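**Q** turn this into a structure:
(2 chains)
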2 protein chains.
Amino acid sequence: MTKSGVAAPLGFRASGVACGLKKNGGYDLAMVVSDITAQAAGIFTTNVVKGHSLMWSRNHIKNGTAKAVVINSGCANACVGPQGDMDAAEMASCAAGLAGCDPSQVMLGSTGVIGFRLDMDKVKRGIEEAFSTLSYEGGAMASKAIMTTDTFPKEASASFVLSGKTVCIGGMAKGSGMIHPNMATMISVLTTDAAISHKLLDKALRTVADSSFNRISVDGDTSVCDKVLLLANGMAGNAPIESEGPAYEAFCQALSEVSVSLSKMLAKDGEGATKLIEIRAEHCRNKNDAHLILNAVAKSPLVKTAIFGQDANWGRIFTAAGYSGANFDPNIVDIYLGDLLVCKNGVAFPFDEGLALEILKKEEITILLDFKAGESCDRIWTCDLSMDYVKINGSYRS
Amino acid sequence: MTKSGVAAPLGFRASGVACGLKKNGGYDLAMVVSDITAQAAGIFTTNVVKGHSLMWSRNHIKNGTAKAVVINSGCANACVGPQGDMDAAEMASCAAGLAGCDPSQVMLGSTGVIGFRLDMDKVKRGIEEAFSTLSYEGGAMASKAIMTTDTFPKEASASFVLSGKTVCIGGMAKGSGMIHPNMATMISVLTTDAAISHKLLDKALRTVADSSFNRISVDGDTSVCDKVLLLANGMAGNAPIESEGPAYEAFCQALSEVSVSLSKMLAKDGEGATKLIEIRAEHCRNKNDAHLILNAVAKSPLVKTAIFGQDANWGRIFTAAGYSGANFDPNIVDIYLGDLLVCKNGVAFPFDEGLALEILKKEEITILLDFKAGESCDRIWTCDLSMDYVKINGSYRS
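**A** The predicted model follows:
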């Protein structure tokens, strides 16, 4: 075992255990503990309906610090009434007792089916076991324990040098219901040994999330358990980042590298997905138009099934852009599949179907729309829609 | 053969022929002709990208009258450049010559794949054959010829008495890509022998469409060929409806009956669908909230796959409402599957899984959300999402 993911930065231990919440006996409880109290920032779902574990974290992260993170899979701890809040408090209290911190410094996450109570006996035994198996090489185990329908664990890390010290950022993520940004049910935990002020940590997380996690899971279009947490324990010993400038930029760049990498893994692991699709909207009139267009194309089941079927049906891409709510002149739009021009100035462009098939056969496909109207460019990641998606989601609860 | 659908009202003849646009040799060109010039109203897609045949109709319906309607399936006549406009003009001109009217009085529709030119030789031969086979019993044939991936033709009609005369409203519709309101690619032609002013005809169509066709196919969320046309030739001989009042109300009610009936058929015939789902949002704060909630729930692939899998996963319904953008208090929301309460005041309500399965096994399922916050109620129709949807749409173009 090597240091990886959330345990890649200095002073973070992690673990993952099977405590019986998942019927199949899989790993279902992850713990991350920092050796010392860390600065903490978080981004939480904008869904009106919010899970109880999520609410705990959302309320307590306001203090700005955290020492431990506990996440269970197999049960969302959502929509079970006041008992759900009490269960969250008990979870935090149990972990806090072991980690030697205040319960308010334990961040929680629960993911799985909505409307069922957590089995607290199992959860508490799980936390005890997770705590006793914490390790500086435990990142991989933790990333396994937060999976629901994910087909592979998701970890990433990046390092850079700051005032002569190597600074590391690591992270893990779960999420797989990615047919459509809104059902990400994604959770990500990011850790870093950088010394950075709480204000800049928070700002960096929001800025970076907007062009990574929010380019697969969109504002106002989120599940009841979505969250991204970022803990910084300062153990790298760099000169603290306390103002914007080259050091802050370097931090943001590394954070972005980790976040984009995890985001693309989330999109690629879409339930039943066979392909990762990157959609680019170029030269839009403004950022909002680009955003609307990318979301409409990425959400369109007709586009996603066409890509699954390796069918160069660009009319569906153009149609989705057309109903996105963005304003553009359809008569100057070019559309590319990979680097193959298929629509020029809004009109079918004769292309080699064999070449199109070669492009669509690949596991990673880029769709580019050029609106030739302004300077705004943006991109989003999604996946195709396969029969397996339906199979997986037709009987999730049972 | 009997009078039905678009040919149910007095003075409307219809036909449907196979002119070779569909590779499988199916019926692909429909014609409807009124014996005398009719008042005409229409509603067209709000998509930025618009088909050439649709643009022809949209431009010429402004004159307020029409005598004939020609609709082909198998090719959308969209995104092929100026040639597409010329082809539409030629189509109208050909039909006008036969029907004895100005080309501007011929309304056109084309539906099928985007980006391919119409084969005008086939279209012209088709129009000639369709004209020569027009019949007062031809409604059923016409409804067959406008089908694309529809699995059954869609016709409806209703009658009522006005100033001692029987007035009839008939109609047909096509559309099947109904997994999500935005891809309806729906076309509907409605006819009536009522005598009614153009102004009220237009108003009635807009009012009724808003609670029927727009409850399956949503504003700003439309394909490039969507349209609803309504022709009124006045041959019933009723005292013309020229102001709002009981006669106008009776007209609207019958128009609504036909439109809702067609709309439900469209939803039920969703590609690969096994179930018709009616979603009701009750006691919302306002109309807009109800609209947002219904759209989010109806679009959610997770809700649709759960219904396909007969899984009472109400958490997905609640989640979709939560991210819809509507503002509501999740702690007072009740959710019903059929008449079974599954969530009370935002919390899981113990229900009999056997009873839930009985409800979910049915072909028509009602989902009701009660927000207990105001007076606004609304409903939408959609269908479930099955593996066949993916199969159908993974290779549509080929």
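**Q** and chain B, is the longest helix along chain A touching that?
**A** Criterion DSSP state H: the longest helix present in chain A is helix A:246-268. No: figure legend: helix A:246-268 not in contact with chain B (Cβ under 8 Å from any Cβ of the partner chain); closest approach 15.3 Å. The way it works is simple: take the backbone N, C-alpha and C, and place the C-beta from them, glycine included.
**Q** which parts of the stretch 251-398 of chain A are helices?
**A** A:287-299, A:301-308, A:314-322, A:353-361, A:387-393 (DSSP state H, counting those that start in this stretch).
**Q** one step back: helices or strands next to the longest helix of chain A in the packing?
**A** Counting contacts by 3 or more Cβ pairs under 8 Å, 6 or more residues apart in numbering or on different chains; DSSP states H and E, helix A:246-268 packs against strand A:154-162, strand A:165-174, strand A:187-192, helix A:198-210, strand A:276-284, strand A:376-383.
**Q** repeat that for 7 Å
**A** strand A:154-162, strand A:165-174, helix A:198-210, strand A:276-284, strand A:376-383 (3 or more Cβ pairs under 7 Å, 6 or more residues apart in numbering or on different chains; DSSP states H and E).
**Q** flag every buried residue along it.
**A** Within helix A:246-268, the residues that qualify as buried are A:247-248, A:250-252, A:254-268, counting by 16 or more other Cβ atoms under 10 Å in any protein chain shown.
**Q** again, but for stretch A:82-96
**A** Quick answer for stretch A:82-96 (16+ other Cβ under 10 Å): A:84, A:85, A:87, A:88, A:90, A:91, A:92, A:94, A:95, A:96.
**Q** tell me which residue lies farthest from the centre of chain A.
**A** In chain A, the greatest distance from the average C-alpha position (Cα atoms, centre = their mean) is reached by residue A:350, at 38.5 Å.
**Q** any idea how far it lies from chain B?
**A** 10 Å (Cβ to the nearest Cβ, to the nearest Å).
**Q** check residue A:153 too.
**A** For residue A:153 relative to chain B (Cβ to the nearest Cβ), the value is 23 Å.
**Q** ditto for residue A:34
**A** 32 Å.
**Q** tell me where the stretch 1-150 of chain A has helices.
**A** A:52-60, A:82-99, A:120-132, A:139-145.
**Q** I'd assumed residue A:367 was in contact with residue A:317.
**A** Yes: counting by Cβ atoms under 7 Å, residue A:317 touches residue A:367, with 6.0 Å between them.
**Q** what about those two, which has more around it?
**A** Ranked by neighbour count (other Cβ atoms under 10 Å in any protein chain shown), residue A:317 and residue A:367 place residue A:317 first, with 29 against 24.
**Q** which pLDDT value belongs to the more buried one?
**A** pLDDT, residue A:317: 94.
**Q** likewise residue A:266?
**A** Reported pLDDT for residue A:266: 89.
**Q** how about it: what's its closest non-neighbour residue?
**A** Among residues not flanking residue A:266 along the chain, residue A:175 sits closest, at 4.6 Å (Cβ to Cβ, 6 or more residues apart in numbering or on different chains).
**Q** spell out which residues are contacts of both of residue A:317 and residue A:367.
**A** Shared contacts of residue A:317 and residue A:367, defined by Cβ atoms under 7 Å, 6 or more residues apart in numbering or on different chains, comprise residue A:297.
**Q** out of the helices of the stretch 1-150 of chain A, the one nearest chain B is which?
**A** helix A:82-99 (8.5 Å; Cβ to the nearest Cβ).
**Q** I'd like the average pLDDT over that closest one.
**A** When pLDDT is averaged along helix A:82-99, the result is 98.
**Q** good, we can wrap up now.
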